[in-house]
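# Could you work out the structure for the sequence below:
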Amino acid sequence: MNAHKLTLGKKHHANRGSVPGMYPKPQSMMQALRTLPLALILIMVVGAAQARSIPYPLVFIHGLGEKSARWDHLQPALKALGLKPGGVLTRKALYRHPPPDDYDPQADFFLLEFDDNQSAVIDQVRELRLLLTRLHRDTDAPRFVLVGFSLGGLVSRAYLTKYLHRHYVEKLVTLAAPHQGSSWAYLHHAFQPIKAKCKDKGSIAQLMLHSVCTMVTRLEQTIGLRLDSPALFDLLPPEYDELGKPANLMAQLATTTHPGDVTYVAMVGTVEGPHSRNELEQLLSDLSTEMDRGDRALSAAKTKMINLLRNLVGLFSGNPIWVGGGDGGVSSQSQDLSQLAWFRTRTVRAWNPTPNKQASRLYEIRGLDRPLRIEVLKAHHLEQPKTFNTLYRALVDPPKLKMDKPPEWTFFGHRTIEGELHDILLQQDQLKLRRLDDHEAVLPTVLFDDDRRHFRFIDVALKEGMNTFELDYELDHGLAGKIEDRQYRFHIEYRPNKFIDALLRPISLLTLAVLFIFGTVLVRRRYHNKRQHP
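Next up, the predicted model:
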């Protein structure tokens, strides 16, 4: 589309007389009028083919030590909503010619990836500026919706404060972002001197610390994080000098002016309820296994290392990582934008738009055109589908989607596909159940569990004896960065007396247990009687 505009502009300039005769003039005004409808139709067709489903493209930004693969589990859900992916944006790829094959300027969402995912926040802000400027030029989109996970959310907010009046952002959505830092940053203070000595080759200290340096290197390789990285240093919680002035990055960002023409949404990932520390550690271990594509050996080693570091964080900071809720990495207060000094001191009123649910809060802030929105997930930020359900409401205005209504979908669980573990999304209208004996189509009622991870059929007419059905369904999942649709089929067998079978099984087990106990007692009595009366 940009190329067409550029060509027409050159022709218009040439016809003004600089190069006479280079572009032939129409023979008459009637000929020009005949070509006008054709040109208008062509423009309408090209424009319709490149139209987006949403007015503002989504740009997803990963966290500390991560890459764009952080969002792989969300891509199938976004595609199910009719949103078109535009590829992975990197500075090297976007500024080369030609651009990558998967780069589509007219897409609905893009995945951003920094050159160094552990560089200083200000460096990532500058890189974000370059990428958004180029994307704004290529897409002709008026603005974008930034979605930042963890450090990505902090970088996005720092970008807005640095470029107050030319930021190209309509909405900022942060997910588990450390807006007031993280206690994990104290690891930088603990390990930075050791890392500095390790880099001083040939010194006596380096020789004495050789084993320690080797251990630290292996630790960093296991958890995928440089313990002396500039980004980790930037996450130190707010500190102020004797005069009360901001003394570090977190303190500066907490009081810096934010642009008022941006909608702010902060999603707070936390684990609430009767969760003990051990239960939370087990949850994080399970989620880590999923993130490592089912590699349990790698996940087990990583989990042990991270648990060790959590204890060190509590030792160095004097504030255990579990204090203040949160997701095991960032406290709930740090994730909550309403707790920042700039927002807190400008709050006019706060209210709950859904009185029956305490998960959503709105704040009227002086200087902001629209209310600040806080969404509390009451679950770990990596859990599905709770995260996506809330994220969907925060990202997209449903009436603006080009569909009657969003598809009914559920998180179907985890499946190993081509040797890799994937999150599976299943749409209810894709379920097709048929009887195997006569291939009669059955339209059952699909009932999902509360967690929407499992489903079962009800209102299915059963025949006498064995009932065998064939279930066809399609799954959307990502493989090697691509979203694919695949059809699956498996057989289901029902028995009308399933309840009786289920009831008889525990009765049988109980009967066997009673017989075993009775037999044991009888044998012991006989043995005892023989000893008394030989």
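# Thr174 versus Gly153, what's the distance?
Distance of Gly153 to Thr174, computed by CB to CB, to the nearest Å: 3 Å. C-beta: built from backbone N, CA, C; applies to glycine.
# Please enumerate the shared neighbours of the two.
Ala266 (CB atoms under 8 Å, 6 or more residues apart in numbering).
# Tell me how the protein divides into domains.
What automatic domain parsing lists as the domains of the chain is 2-49, 58-182+242-272+325-400, 183-234+277-324, 410-496.
# Least confident of these, on average?
Lowest mean pLDDT of these: domain 2-49, a mean of 35.
# Contact partners for Ala158?
Contacts for Ala158 (CB under 8 Å, 6+ apart) come out as 121-122, 125, 253.
# Quick check: of the residues you listed, which lies closest to Arg218?
Of all the contacts of Ala158, Arg218 sits closest to Val121, with 27.2 Å by CB to CB.
# Run a quick neighbour tally on the closest one.
21 (other CB atoms under 10 Å).
# same check, this time on Arg143
As a burial measure, Arg143 scores 17 neighbours (other CB under 10 Å).
# What of the one 5 residues further on?
By the measure other CB under 10 Å, the count of residues near Gly148 is 25.
# Scan the contacts of Ala158 and report the most crowded one.
Leu253 (24 neighbours).
# Quick check: that one touching Gly181?
No: the pair Leu253 and Gly181 fails to qualify as a contact (CB atoms under 8 Å) at a distance of 9.5 Å.
# List the buried residues in the host helix or strand of Arg134.
Here Arg134 sits within helix 121-139, counting by DSSP states H and E. Buried residues in helix 121-139, counted by 16 or more other CB atoms under 10 Å: 121, 123-125, 127-129, 131-132, 134-136, 138-139.
# could you dump that helix to CSV, C-alpha only?
Extracted C-alpha coordinates of helix 121-139, given in CSV (Å, rounded to 0.1, in the frame of the first residue of the first chain):
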residue,chain,number,x,y,z
VAL,A,121,15.9,-0.5,31.1
ILE,A,122,16.9,2.8,29.3
ASP,A,123,18.6,0.8,26.5
GLN,A,124,15.5,-1.3,26.0
VAL,A,125,13.4,1.9,26.0
ARG,A,126,15.5,3.2,23.1
GLU,A,127,15.1,0.0,21.2
LEU,A,128,11.4,0.0,21.8
ARG,A,129,11.3,3.5,20.4
LEU,A,130,13.1,2.5,17.2
LEU,A,131,10.8,-0.5,16.6
LEU,A,132,7.5,1.4,17.3
THR,A,133,8.6,4.3,15.0
ARG,A,134,9.3,1.9,12.2
LEU,A,135,6.1,-0.1,12.9
HIS,A,136,4.1,3.2,12.9
ARG,A,137,5.5,4.1,9.5
ASP,A,138,4.9,0.7,7.9
THR,A,139,1.4,-0.1,9.3
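# from now on call the first residue 687
Fine by me, first position is 687 from now on; the one you just mentioned is helix 807-825.
# Just the CA atoms of stretch 899-914, as PDB, please.
The C-alpha trace of stretch 899-914 is given here as PDB (Å, rounded to 0.1, in the frame of the first residue of the first chain):
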ATOM      1  CA  CYS A 899      33.000 -18.800  39.600                       C
ATOM      2  CA  THR A 900      32.200 -22.100  38.000                       C
ATOM      3  CA  MET A 901      29.200 -22.600  40.200                       C
ATOM      4  CA  VAL A 902      27.900 -19.200  39.500                       C
ATOM      5  CA  THR A 903      28.300 -19.700  35.800                       C
ATOM      6  CA  ARG A 904      26.400 -23.000  35.900                       C
ATOM      7  CA  LEU A 905      23.700 -21.300  38.000                       C
ATOM      8  CA  GLU A 906      23.200 -18.500  35.400                       C
ATOM      9  CA  GLN A 907      23.100 -21.000  32.600                       C
ATOM     10  CA  THR A 908      20.400 -23.100  34.400                       C
ATOM     11  CA  ILE A 909      18.100 -20.200  35.300                       C
ATOM     12  CA  GLY A 910      18.800 -18.200  32.100                       C
ATOM     13  CA  LEU A 911      19.700 -15.000  33.900                       C
ATOM     14  CA  ARG A 912      22.900 -13.000  34.400                       C
ATOM     15  CA  LEU A 913      23.100 -12.200  38.100                       C
ATOM     16  CA  ASP A 914      25.100  -9.000  37.300                       C
END
